[in-house]
Structure formats: structure tokens, C-alpha cells
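Engineer: compute the structure for the input listed below.
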Amino acid sequence: MIHVLVNNWQVFLSGFFNTVLCSILALFFSLVIGSGFAIMETFQNKFLSGFARAYIELFRNIPLLVITMFFYVVFPQYFFTISGFAAGTIGLTLYTSSFIAETVRAGIQSIDIGQMEGARSNGLTYWQAMKNIILPQAFVLVIPPLGNQFVNLIKNSSVLAFVAGFDLMYQGDSLASQTFDTINTYLVVGVLYLIITLPLSYYMKHLENKLS
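Structural biologist: Just a heads-up that it's a prediction; the model follows:
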């Protein structure tokens, strides 16, 4: 395994960088988008809550690969061409945001409704109460499932391999087909994924213990 890594370290480093970059971008935007739709789902306005529900159900029940291939194959036929990296990142963001939305919504709805009513009665607007009172408590409650979603996101970034996204999995597939040393190549790929996911997993557990 070591000789494969040493002889192809530049290739693995490139794939490692693309995987990390894709994961960071998708994590940030899926958290923002998912939290936004989670809040919309709690609205009393049936149109907005219905729109949020439709978004969540749509992307949560379509396979990630299908979403990614749509942006890589179908989207360019009607709009403009995007790279495999961009298509994979967009697909990963939309897919993950639907699961994050459900997680955050559950956290929001677990907070006693009296806290929102008390905040409004003290002069806070809905958004001020949500930002300063409800969401901080909700995020503390949902740290464990959010951590699982973040780790799943990193592992799901391997979908880039199907659209020439030059991620770890793509580089591993290319090397394996060239060298025929599949066992050692995929062992290196697996270890590099662990280098990304294990620190994140331990950090989320530390954050959960600290906040609890």
C-alpha cells in the first residue's frame, strides 16, 4: 500500500484536495439551504411550508447519482456546460440539504412553543426570536444527527467519480485501471477518506459533549 501512495502521491493529493473542497462547499451550502427550508416548513403560510415540503420530498427521494447526472448531462443541453466537479457539488448540496432540513425542522419543533410566544410578547420579531432563541437551542439538540449527515456527505462525495470530478474515488479508479493493483489502490483511497471523516466525527462528538 505504501509504495502505491509514494509512487502516485501527486494523483492522490489532487483527489484528496478535490474531495475536501467539494465536501466543504456542499456542507456549507447544504447547511444554509437546509436550515432555510426547515424554517420555511414551520411557517403558518401554507404556500411557503408546502413549497419547502415539496423541495425536501423531491430531493430526499431521488438518488444522489440521478440528481448529479441531471446537472452533468441534461442541464448543459438546455443551458450551459458545467464541469463534473460543479455538477457533483450541486447534486450533493441539493441532496444533503433535504436531509439537513428535516433534521433542523425536528430540532425547531422540539423547542417549547412558549419560548417563541414569550419572545414575541417581549417585542422581538419572528426572525429575531428564531435567530437568537429558537435556532441556537435547536442546533444543540440536533448535533448528533447533523454530524452523521456531514460524515455521509463526505462519503457521498465519491459520486464525483461518475462525472469526472477528479475526486479521490475518480483518481483511485484511474490508477487501479492503469496499474491493476486494485487492492492497494483502494486501501489508500479508504485510508484517505478516513483521514477526512474521523476528525470530523470526533469533533462533532466533542462539540456535543461540550454543549450538553
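
Engineer: contacts, neighbours, all on C-alpha from now
Structural biologist: Will do.

Engineer: what's in contact with stretch 76-89?
Structural biologist: Stretch 76-89 has contacts (Cα atoms under 8 Å, 6 or more residues apart in numbering) with 22-23, 25-26, 68-69, 71-72, 75, 157, 159-160, 163-166.

Engineer: endpoints of it, how far apart?
Structural biologist: 16 Å (Cα to Cα, to the nearest Å).

Engineer: skipping adjacent residues, who's closest to R53 in space?
Structural biologist: Among residues not flanking R53 along the chain, E41 sits closest, at 6.4 Å (Cα to Cα, 6 or more residues apart in numbering).

Engineer: do you know how far the one you found is from Q10?
Structural biologist: Relative to Q10, and taking Cα to Cα, E41 is found at 45 Å.

Engineer: more neighbours: the two, which one.
Structural biologist: Legend: neighbour count by other Cα atoms under 10 Å for E41 and Q10, higher for E41 (23 against 11).

Engineer: list the contacts of that one.
Structural biologist: Per Cα under 8 Å, 6+ apart, neighbours of E41: 48-50, 52-53, 105.

Engineer: ok, K155 - how many residues close by?
Structural biologist: The tally of other residues near K155 (other Cα under 10 Å) stands at 17.

Engineer: could you find the closest non-adjacent residue to it?
Structural biologist: Distances taken as Cα to Cα, 6+ apart place Y193 nearest to K155, at 7.5 Å, with adjacent residues excluded.

Engineer: so which helix or strand takes in the one you found?
Structural biologist: helix 182-211 (DSSP states H and E).

Engineer: can you name the residues in contact with stretch 152-167?
Structural biologist: Contacts of stretch 152-167 (Cα under 8 Å, 6+ apart): 14-20, 22-23, 26-27, 64-65, 68-69, 72, 83-89, 92, 96, 168-171, 193, 196-197.

Engineer: same thing but 6 Å
Structural biologist: Identification of contacts with stretch 152-167 by Cα atoms under 6 Å, 6 or more residues apart in numbering yields 15, 18-19, 23, 84-85, 88, 169-170.

Engineer: mind putting these in TSV, distance to I100 included?
Structural biologist: What follows is those, written out as TSV (distance: Cα to Cα, whole Å):
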residue	distance to I100
G15	26
N18	23
T19	20
S23	15
G84	24
F85	22
G88	18
M169	25
Y170	26
